[in-house]
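Student: Here is my input; please provide its structure:
(4 chains)
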2 protein chains.
Amino acid sequence: MLEIAILGLLNEQPMHGYELRKQLNGTLGTFRAFSYGSLYPTLRRMKEQGLIAEDESVLEPPLGGRRGKVVYKLTVEGKERFQTLLADDSPGAYDDERFGVRLAFFSQTDATTRLRILEGRRRRVEERRERMRTRLERTRERLDRYTVELQRHGLESVEREARWLSELIDSEHRDRRAGMPDEAASTERPAELEQDDRFSGTGPQDSDTYQ
Amino acid sequence: MLEIAILGLLNEQPMHGYELRKQLNGTLGTFRAFSYGSLYPTLRRMKEQGLIAEDESVLEPPLGGRRGKVVYKLTVEGKERFQTLLADDSPGAYDDERFGVRLAFFSQTDATTRLRILEGRRRRVEERRERMRTRLERTRERLDRYTVELQRHGLESVEREARWLSELIDSEHRDRRAGMPDEAASTERPAELEQDDRFSGTGPQDSDTYQ
DNA sequence: GTTAGCATGTAAGGAGTTACATGATTTT
DNA sequence: AAAATCATGTAACTCCTTACATGCTAAC
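Tutor: Take a look at the predicted model:
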């Protein structure tokens, strides 16, 4: 989870740890937050594995041997790894969180992969919807109102997600027919954008005293 | 998480581990599944802590020293612990999952606690909604369409939840005025119900090869 | 000059999963 | 008699959090 998110962000632009965490808790933060206690060890591990490297070109003068900012960039292996993870089709690749992260970096994937992921996710969500429908019908009048409400609200949520996915899929098909065969269909973001603002929000959703 | 769910189920009826897990993955399974690898160790820990005990009245004849079913029931301490957890008001008690579990056992709480929990959750959800709105407005046209879609869908989800919570809260207020001051407002489930069917669904949402 | 935010890390631990191991009972 | 499902458990591991520790830099 953290790994793919880091790869996705660094694939757009080199960054240091602190900034990564800020961006992470913006985009993904809507449904996921990470702490430094997992971020830095993960960066170290990824560096050891050769997925990322220090970006010497942005090297702040390390004046006096001080510990300065460490800006990371993707290596070639890192870029390959990112594409592999994005294209992953194993069961479990369509979990709520895994799907969310992949969607957040969708514009960095080709149209074929996008379509495959969206359809895989839709299949998953539809199965869940059917199971929930069946259960709710079977058990409705035997359950207390709170359990019914919980299940009803849950069911409506997956129904909404299924519709939403279908719209995204339709829109992918339209783009294809309209002749953008396999490159990113996303609106490119203007170049003069200050990156800092892109994702960063008000912070993590739950704890306000992360560190 | 697992602890409160176990307490909630055992508070309704004594049960053995295997059945607990089945029921767990029905009600809660909509948003959460547990494996035996966490269930049994947790049961042992809870027994050591005196929260649950073996229900001797249902003792299957352990013929020949065989390992038979172990039916657990709540102790007095377990019942107290359950009420404490349900009434918990600390930050973090209103997380997605924690709230979900509490709601699933709502009919076992008094009206005052129910209202407090619902309002706490609503506050949390509304804060999140506002943060998401602000971010989406600020960043809308600079983001690629997938990120925008992800955030838009997320925003609509929390908007829906906020409305849903408000309806539940209104309904609690109505019940109060209608003179059911503090006992469970839930429709009591008929006595002849086979418990087994209450929650149990088709199984866990993701992996099909749990064990 | 002090508070807030930038920046990087470590140590301990929590809450679960996966994979394995074992055997009884029920259904086909 | 084979297959499914019931039933209980352990060992290793994953992935993350919390709390702590340290110091720099900008703003008020």
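Student: Can you name the residues of chain A that neighbour DNA strand C?
Tutor: Listed as neighbours of DNA strand C in chain A under the rule Cβ under 7 Å from any atom of the strand: A:16-19, A:36-37, A:40-41, A:43-44, A:67, A:69-70, A:92, A:211. For the C-beta atoms, the positions are set from N, CA and C on the backbone; glycine is no exception.
Student: any idea which helix or strand carries the residue most central in space within chain A?
Tutor: For chain A, the residue nearest the mean C-alpha position is A:V101 (1.4 Å; Cα atoms, centre = their mean). Using DSSP states H and E, A:V101 sits within helix A:96-104.
Student: Looking at the residues of chain A next to DNA strand C, state which has the most neighbours.
Tutor: For the residues of chain A next to DNA strand C, the largest neighbour count, defined by other Cβ atoms under 10 Å in any protein chain shown, is 21 neighbours, found at A:L43.
Student: tell me the pLDDT at that one?
Tutor: Confidence at A:L43, expressed as pLDDT, is 97.
Student: which of the residues in the helix ranked longest in chain A are buried?
Tutor: Under DSSP state H, the helix in chain A containing the largest number of residues is helix A:145-177. By 16 or more other Cβ atoms under 10 Å in any protein chain shown, the buried positions in helix A:145-177 come out as A:145-151, A:153-155, A:157-158, A:161-162, A:164-165, A:168-169, A:172, A:175.
Student: Strands of chain A, residue ranges please.
Tutor: A:15-16, A:52-54, A:71-74 (DSSP state E).
Student: which of those is buried the deepest?
Tutor: Comparing the strands of chain A by mean neighbour count (mean count of other Cβ atoms under 10 Å in any protein chain shown), strand A:71-74 comes out on top with a mean of 21.
Student: Within the sheet, what are the partner strands of that one, with directions?
Tutor: Note on strand A:71-74: by DSSP bridges, its sheet partners are strand A:15-16 (antiparallel), strand A:52-54 (antiparallel).
Student: Of all those, which one is nearest A:T84?
Tutor: strand A:52-54 (15.2 Å; Cβ to Cβ).
Student: quick one, helices of chain A?
Tutor: Under DSSP H, chain A gives helices at A:2-12, A:17-27, A:36-48, A:76-87, A:96-104, A:111-139, A:145-177.
Student: Tabulate the ones you listed in CSV, adding columns for distance to DNA strand D.
Tutor: Converted to CSV, those look like this (distance: least, Cβ to the nearest atom of the strand, whole Å):
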stretch, distance to DNA strand D
helix A:2-12, 4
helix A:17-27, 9
helix A:36-48, 2
helix A:76-87, 11
helix A:96-104, 8
helix A:111-139, 15
helix A:145-177, 22
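Student: export the ones you listed to TSV and tack on distance to B:G179?
Tutor: What follows is the helices of chain A, written out as TSV (distance: least, Cβ to Cβ, whole Å):
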stretch	distance to B:G179
helix A:2-12	53
helix A:17-27	47
helix A:36-48	52
helix A:76-87	58
helix A:96-104	42
helix A:111-139	29
helix A:145-177	17
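Student: Adding distance to chain B, write the ones you listed out as CSV.
Tutor: CSV is the format used below for the helices of chain A (distance: least, Cβ to the nearest Cβ, whole Å):
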stretch, distance to chain B
helix A:2-12, 11
helix A:17-27, 6
helix A:36-48, 17
helix A:76-87, 12
helix A:96-104, 5
helix A:111-139, 5
helix A:145-177, 4
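Student: Could you work out which of these reaches nearest to A:E56?
Tutor: helix A:36-48 (13.4 Å).
Student: Show me how far that closest one is from its chain's centre.
Tutor: Distance of helix A:36-48 from its chain centroid, counting by Cα atoms, centre = their mean, to the nearest Å, is 18 Å.
Student: for that helix, packing partners?
Tutor: helix A:2-12, helix A:17-27, strand A:52-54 (3 or more Cβ pairs under 8 Å, 6 or more residues apart in numbering or on different chains; DSSP states H and E).
Student: pLDDT score for the nearest residue to A:M132 once chain neighbours are set aside?
Tutor: Closest residue in space to A:M132, ignoring its immediate chain neighbours: A:L155 at 4.7 Å, by Cβ to Cβ, 6 or more residues apart in numbering or on different chains. With respect to pLDDT, A:L155 scores 93.
Student: what sits against A:L155?
Tutor: Counting by Cβ atoms under 8 Å, 6 or more residues apart in numbering or on different chains, A:L155 touches A:129, A:132-133, A:136.
Student: Quick check, A:R114 in contact with A:F106.
Tutor: Yes - applying Cβ atoms under 8 Å, one finds A:R114 in contact with A:F106, separated by 5.8 Å.
Student: how close does A:L143 get to A:D110?
Tutor: As judged by Cβ to Cβ, to the nearest Å, A:L143 and A:D110 stand 46 Å apart.
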